[in-house]
Every structure is written in C-alpha cells, then in structure tokens.
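*Asks:* Got a predicted structure plus its sequence, pasted below:
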Amino acid sequence: MKTIGIINEKGGVSKTTTTVNLAYGLAKKGLKVLVCDLDPQGNTTGTLLKLNDEIDLKTIDKINNAFKDTDGGIEAATNIIDEYTGASVFEKDISHVLLDHTVTKETVINVGDYINVTDEIFRNIFILPSTFNLSEVDLKLKQQGRFVEQKLKMALDHVRSEYDVALIDNSPYTNALTYNTLNACCNEGDLIIIPAKVDSYSIVGLSKTVHMMLDWLSVMPLGFDFKILLTMVNRNKIERSVVEMVKNLYKERCFSTTIRHQAKPITEASLNKDVLLAVSNSPVAQDYQMLVDEVIEKEFR
C-alpha cells in the first residue's frame, strides 16, 4: 500500500478538495483507496459521506423548527448543531484508530455503501472518518507517552495488504497528528503532497511546511518524497510568475499540473457535498484529472 499525506501549515489551500478528488480519481483507475481524515473539522468526511444537508432555506427552517421543540438551552442548541454537522454520527472514528493503534471493521466505512449512489467508483473508496472527538486526541496521545507519533503507522500496518493507497488529509496545525502522518509515510515511494496557493501567506506556509518536514527527517529518517501542488492559480501575469518562481526553486519537487482558480464549480461542489471529478467537466475538474494522471504515471509505475 502506497501512503500519501496531504499537508500544509496554511489553511485554505485546497487540501480537502485535493484529497477527495485524488481519492475519486485513483478509485476510478481501479485502485482501492483508504482515506484517513486527520482534520477535526472533518470536511473530507463530510464531503465523501454527504453528512450535511445543502445549506438552503429549507435546511435552516428544519434546524430552527427542531430547536423550537427543545428547552431552548445551550446544550440543546449544541446537540442540534452536532446532529446537523454529523459530529456524532459514528460509533467509532479515526480517533479510536489512533488511540487503539489498530483498524477494525467498525472504524472503516465503504463510501459507496454509505451514500448509496449508483456511481460504482465510490465503492472503491473507504474512509476512516473524522469527528470532533479528534480535537482531543493530540493531548490524549501525548498522555500515552511512548510512540506518540507512530500510532497511525501501527494501525495502517494491519491493513496494508487490503488497500492500494491510503490518502491522509490533515488540519493546518502542526501537532502529534501531523507527525503521525509523516511517520505513516515511512516506505520508499510514499509521498507528501503540499498544496499551496500562490499568495505571500501561502508561500510562507509552504516554506514552514518544508522546514517542518526536513527537521523531522533529520531525527526520523523516512522513505517518503514530497511534491508541491500549486492550487487556486489565477491566469494573470503575477501569479504565472509566482508559479514559475516556485517551480524554478523546487524543480522536480513540483507537480507539472497546477490547479486553476475557478470559484463557481468549486463552491457548488462544496455546498452540495459533491466530489468535483464526479459531477463536473469544468476546467478546474480537468486540472484535477491531470493531477490524478500525473500521480498514476509518476508514483504508481
């Protein structure tokens, strides 16, 4: 099983969009994909499993009406929000995988079976889902003491023969979960993808992420390579120049593919909890297909 982590210390750089589209694209190529959602916000989980209703007036009315039937307290409001966001949907989630350092049948969800769609490609995608429980796991792992950063690797070792590739989405915060991702990418041929926008804040995030990885590799030699994926690129002279600069600096560490900025299809897919590659033939969807093709060509052969 090849392991691919998606990491950047800057938020808003399309980590989740990259994860779900890469999962779908690789599954479409016939690979059996295990998605590990290590972001407590659970956007990857929400998208693949369509946990939240589309945010429209009907949904707002549904939430307001549900609240009217309660005592009107803070706990009732919070419970309704939890129900809406899918925070308590699963009996077990990826936090149990980390704390128990094993993957069980109860923690793995087949995406196609869960959402019951006719698109058979989703049946090649499995997920270790995230919930808000994950926000407490960083501290709990540190309290366990030994092998804090090895828990995910230890869990995935039990299922390496069952999947072709594992994709690990991460939050923008560096903590024990981040280092679990790095250590899970332990074998030669494993890969860290760093999505980065071409603005000054994201370039700083890119630099910090690379420094973090190199510092970790200096004390924990691992087999992974890393590549930079430039995302949300506008077709103007300045951003094209930034793309050229980053590719000149990092050379073969950059994907040839860049992902353009195209707000409408991305926003529509996000609101509807759709995977762009499954529902759109827009230019940005075509960019993600090119990324899938490049990953297959360079990382699986």
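*Replies:* Yep, that arrived.

*Asks:* N183 and I74, how far apart?
*Replies:* Distance, N183 to I74, by Cβ to Cβ, to the nearest Å: 39 Å. From N, CA and C alone the C-beta is placed, and that goes for glycine too.

*Asks:* Please identify which of the two sits among more neighbours.
*Replies:* N183 (22 against 8; other Cβ atoms under 10 Å).

*Asks:* can I assume the more buried one is in contact with Q150?
*Replies:* Yes - with contacts counted by Cβ atoms under 8 Å, N183 reaches Q150, the gap being 5.6 Å.

*Asks:* check contacts around the residue most central in space within the chain.
*Replies:* Centroid-nearest residue in the chain, with Cα atoms, centre = their mean: D169, separated by 2.7 Å. D169 makes contact with I6, K15, T16, T19, V35, C36, D37, L38, D39, T44, according to Cβ atoms under 8 Å, 6 or more residues apart in numbering.

*Asks:* Return the backbone torsion pair for it.
*Replies:* Per-residue torsions, D169: phi -90, psi 150 (degrees, to the nearest 10).

*Asks:* So the nearest residue to V148 once chain neighbours are set aside: helix, strand or coil?
*Replies:* Counting by Cβ to Cβ, 6 or more residues apart in numbering, V148 lies nearest to L141, which is 4.8 Å off, once chain neighbours are set aside. The three-state label given to L141 by DSSP: H, G, I helix; E, B strand; the rest coil is helix.

*Asks:* max-length helix in this protein?
*Replies:* The longest helix of the chain (DSSP state H) is helix 200-219.

*Asks:* which residues touch that one?
*Replies:* The contact list for helix 200-219, computed with Cβ under 8 Å, 6+ apart, reads 7-10, 12-13, 172, 174, 178-179, 182, 192, 194, 196, 222, 226, 228, 242, 246.

*Asks:* Then stretch 267-285?
*Replies:* Contacts for stretch 267-285 (Cβ under 8 Å, 6+ apart): 17, 20-21, 23-25, 28, 46-48, 50-52, 54-55, 119, 121-122, 259-262, 264-266, 288-289, 292.

*Asks:* CA atoms only for it, dumped as CSV, please.
*Replies:* Below are the C-alpha coordinates for stretch 267-285, written out as CSV (Å, rounded to 0.1, in the frame of the first residue of the first chain):
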residue,chain,number,x,y,z
THR,A,267,-18.3,26.4,-4.5
GLU,A,268,-21.2,24.4,-6.0
ALA,A,269,-19.4,21.2,-5.2
SER,A,270,-18.6,22.3,-1.7
LEU,A,271,-22.2,23.3,-0.9
ASN,A,272,-23.7,20.1,-2.3
LYS,A,273,-21.0,17.9,-0.8
ASP,A,274,-20.0,16.7,-4.2
VAL,A,275,-16.7,15.5,-5.5
LEU,A,276,-15.8,17.7,-8.4
LEU,A,277,-14.5,15.0,-10.6
ALA,A,278,-17.7,13.0,-10.2
VAL,A,279,-20.1,15.8,-11.2
SER,A,280,-18.2,18.3,-13.3
ASN,A,281,-16.2,18.7,-16.6
SER,A,282,-15.2,22.2,-15.7
PRO,A,283,-11.6,23.4,-16.4
VAL,A,284,-10.7,23.1,-12.7
ALA,A,285,-12.1,19.5,-12.7
